[in-house]
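Colleague: Predicted model and sequence below, questions to follow.
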Amino acid sequence: MIDAVAIPGSADLGGTAQEAIRCRDLTRKFGDFTAVDAISFSVAQGEVFGFLGANGAGKTTAIRMLTGLLSPTSGEAQVAGVDVARDPEAVKRSIGYMSQRFSLYEDLTVRENIEFYGGIYGIERAELREKTTALIARLGLGSDADSLVRSLPLGWRQKIAFSVAVLHEPSIVFLDEPTGGVDPITRRQFWDLMYEKAEEGVTVFVTTHYMDEAEYCDRVSIMVDGRIDAIGAPAALKAEHGVASINDLFVRLARGGKRGDG
């Protein structure tokens, strides 16, 4: 277990906030290349946390470690109270995950996707039927429930993918650029869905390349060359660095990076 030591960014959580994610000196190397370089931070239960960084900054590698898909080279991390290195399978059972690149099977119907992922998450058959019916009704998809996912607009596919990712009621959901390619109105609606889950106590860990969305987060971190160069509430970071927006801060820090895309 990670000792209760001061971790950058943890002061903003408040003295009584329960931690959903806690990292200390989390590191991943590939040969001589250090993709993630001793990052330390905490995320509170029910927090909307933005994990920002340019391509090649190390975000994806860090997320793969936090979701139990990649073992750390050194350092420690706990997700939902589980050590990611010791029990990655338990981590996977405790979280939801949505990727921009692949979240739903387009050759299955909406209903089939819900039932498929519900089965993977281990939801009992009777409960899954109830959850499927309730989800279809809540999203207003009654007439499209038996349509192939590929026939739906991207915005709807993203909303369904998010709803499926939290179908098993995880305590933490990781969202990898969930609003990429959708229109501004749909993006705003998607963030409303995230806020709803956060109000229920679910921790939302989100990456995005839309810096205006970063302003919606409770706190954000900005990675540069495998390290976290800034972390805190958007308003506090803007005041600290004397910038008008998180985009301005992101550009300033990213320009100092040495890595290219990757």
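Modeller: Alright, I've got the coordinates.
Colleague: Now do the helix or strand hosting residue 136: which elements does it pack against?
Modeller: Following DSSP states H and E, one finds residue 136 within helix 125-138. In terms of contacts (3 or more Cβ pairs under 8 Å, 6 or more residues apart in numbering; DSSP states H and E), helix 125-138 is packed against helix 110-120. All C-beta atoms are positioned from the backbone trio N, CA, C, and that covers glycine.
Colleague: Contacts for the helix it packs on, please.
Modeller: 104-105, 108, 128, 131-132, 135-136, 141, 144-147, 149, 152, 160, 164, 167-168 (Cβ atoms under 8 Å, 6 or more residues apart in numbering).
Colleague: Show me where the stretch 101-250 of the chain has its helices.
Modeller: Taking DSSP state H, counting those that start in this stretch as the criterion, the stretch 101-250 of the chain carries its helices at 110-120, 125-138, 154-165, 184-199, 211-214, 234-241, 246-254.
Colleague: got those as a markdown table, with mean pLDDT columns?
Modeller: A markdown table is the format used below for those (pLDDT from 0 to 100):
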| stretch | mean pLDDT |
| --- | --- |
| helix 110-120 | 93 |
| helix 125-138 | 94 |
| helix 154-165 | 89 |
| helix 184-199 | 90 |
| helix 211-214 | 90 |
| helix 234-241 | 96 |
| helix 246-254 | 94 |
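Colleague: With respect to residue 225, which of those lies nearest?
Modeller: For the helices of the stretch 101-250 of the chain, the distance to residue 225 is smallest for helix 246-254, at 9.7 Å, taking Cβ to Cβ.
Colleague: mind putting the helices of the stretch 101-250 of the chain in CSV, distance to residue 48 and mean neighbour count included?
Modeller: CSV is the format used below for these (distance: least, Cβ to Cβ, whole Å; neighbours: other Cβ atoms under 10 Å):
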stretch, distance to residue 48, mean neighbour count
helix 110-120, 23, 19
helix 125-138, 21, 14
helix 154-165, 13, 20
helix 184-199, 5, 15
helix 211-214, 10, 20
helix 234-241, 11, 14
helix 246-254, 14, 18
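Colleague: one step back: what angle do the helix holding residue 136 and helix 110-120 make?
Modeller: 140 degrees (axes from the mean of the first three to the mean of the last three Cα atoms, to 10 degrees).
Colleague: Next, count neighbours for the nearest residue to residue 249 once chain neighbours are set aside.
Modeller: In this structure, residue 249 finds its nearest non-sequential neighbour in residue 243, 4.8 Å apart by Cβ to Cβ, 6 or more residues apart in numbering. Here the count is done by other Cβ atoms under 10 Å, and residue 243 has 15 residues near it.
Colleague: just checking, residue 243 touches residue 252?
Modeller: Yes. In this structure, residue 243 is within contact of residue 252 by Cβ atoms under 8 Å, at 7.0 Å.
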